[in-house]
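>>> Just to be clear, the model below is a prediction. Sequence and coordinates:
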Amino acid sequence: MASSSIVKKRHERILGILERRRGVSVDELSEELSVSLVTVRRDLDFLDHKGVLIRKHGGAQQATSLAANVALSQTELDPKPPTDTVPEKKLEEKDNVNMEQKARIAERASHMLRDGDIIFTNSGSTILSFIAAIGSKHVKVITNNAAAITLKREPGMELIILGGEYREQSRSLVGEFALNTIKDIYSRYTFLGVNGLSLERGLMTSVYQECSINQAMIANTHEKVVVLADHSKMGKVSNFVSSPLSSVDMVITDDQCPDQLRMALERLGIEVLIA
């Protein structure tokens with residue numbers, strides 16, 4: 001295992017490269033630093049978690065207020081999560097939380113759909129509510145949400161469950177098999193549930209394997225990426241960044257969402273709908 005001094009020097013080099021170029025790909029960093037793609041991705045995830053760069057699909061970009069080397073020197077490379085981190089809960093635990101707000105958000109999101117749409121959705125209790133709210137619309141729903149199999153559905157909706165490795169905790173499907181399927185499909189919309197939405201870090205999840213699923217869905221969406229999140233998720237962080245806010249077009253939340261956070265999202269060009 002690399003020593004902490006070697007890792008720290010590599011992190012400083014990454015931040016130095018970003019100071020000069022503003023943005024860089026994983027492949028470019030791997031070649032320039034002479035390390036594996038896996039090592040680069042791990043470094044970028046760590047530095048994004050520390051807030052000194054912004055992780056994006058396939059690489060990273062300079063943070064908007066990046067005194068990067070100063071910020072890194074002030075950070076003791078401590079892997080402990082922030083104090084407001086949201087831990088992973090079983091899906092059954094989340095089903096009974098903020099049910100009314102989730103139902104309103106799901107209903108509002110369902111109004112966006114029209115017959116013939118193909119959409120991606122991920123895992124989580126809010127997404128389950130959304131799938132249930134679609135009703136009789138003739139749409140194809142492609143999802144890694146294994147719990148969706150148990151929902152009562154109208155005949156018009158076609159539910160396509162991605163294959164892959166099954167996670168009992170979240171009742172979701174992850175891994176290479178699911179990713180390879182997503183890459184062959186282009187959706188009109190992607191609807192994402194999250195564990196947290198942070199202005200500084202982006203969309204958060206407590207499950208590392210979910211990051212690549214969400215990113216693949218976003219990459220293969222030709223119209224809008226829509227986040228469905230009740231007020232309890234707003235301003236919260238979790239263990240992993242699944243997407244920067246720059247990938248998000250719309251957030252649908254409830255009327256308890258803090259006004260300051262809503263306005264901050266709108267300043268970023270993200271449409272916020274209150275259900």
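Nice, I can see it. Computed from a predicted model, the values in this text were never measured in an experiment. Numbering: from 1, shown residues only.
>>> need the longest helix for the chain.
Ranked by residue count, the top helix of the chain under DSSP state H comes out as helix 4-21.
>>> Now do stretch 193-202: everything it contacts.
48-49, 51, 54-55, 86, 88, 121-127, 203-206, 227-229, 233-238, 241-248, 251, 261, 264-265 (C-beta atoms under 8 Å, 6 or more residues apart in numbering). C-betas here are computed from N, CA, C, even on glycine.
>>> Can you select the buried ones from those residues in PyMOL?
Entered in PyMOL, the line below selects the buried ones among the contacts of stretch 193-202, by 16 or more other C-beta atoms under 10 Å:
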select buried, resi 48+49+51+54+55+86+88+121+122+123+124+125+126+127+203+204+205+206+227+228+229+233+234+235+236+237+238+241+242+243+244+245+247+248+251+261+265
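>>> Would you check that residue 231 makes contact with residue 257?
Yes. Taking contacts as C-beta atoms under 8 Å, residue 231 lies within contact range of residue 257: 4.8 Å.
>>> residues near residue 271, how many?
Residues near residue 271, counting by other C-beta atoms under 10 Å, number 13.
>>> Is it bridged to anything, and to what?
residue 250 (DSSP bridges).
>>> Residue 231 and residue 257 - which one has more neighbours?
Taking other C-beta under 10 Å, residue 231 and residue 257 do not tie; residue 257 has more neighbours (24 against 16).
>>> Report the contact partners of the more buried one.
Taking C-beta under 8 Å, 6+ apart, one finds 231, 234, 272, 274 in contact with residue 257.
>>> For the second one, give its distance to residue 101.
Spelled out, that is residue 234. For residue 234, the distance to residue 101 equals 11 Å [C-beta to C-beta, to the nearest Å].
>>> What score does the closest residue to residue 219 other than its chain neighbours have for pLDDT?
Excluding the flanking residues, the one nearest residue 219 by C-beta to C-beta, 6 or more residues apart in numbering is residue 57, at 5.8 Å. With respect to pLDDT, residue 57 has a value of 78.
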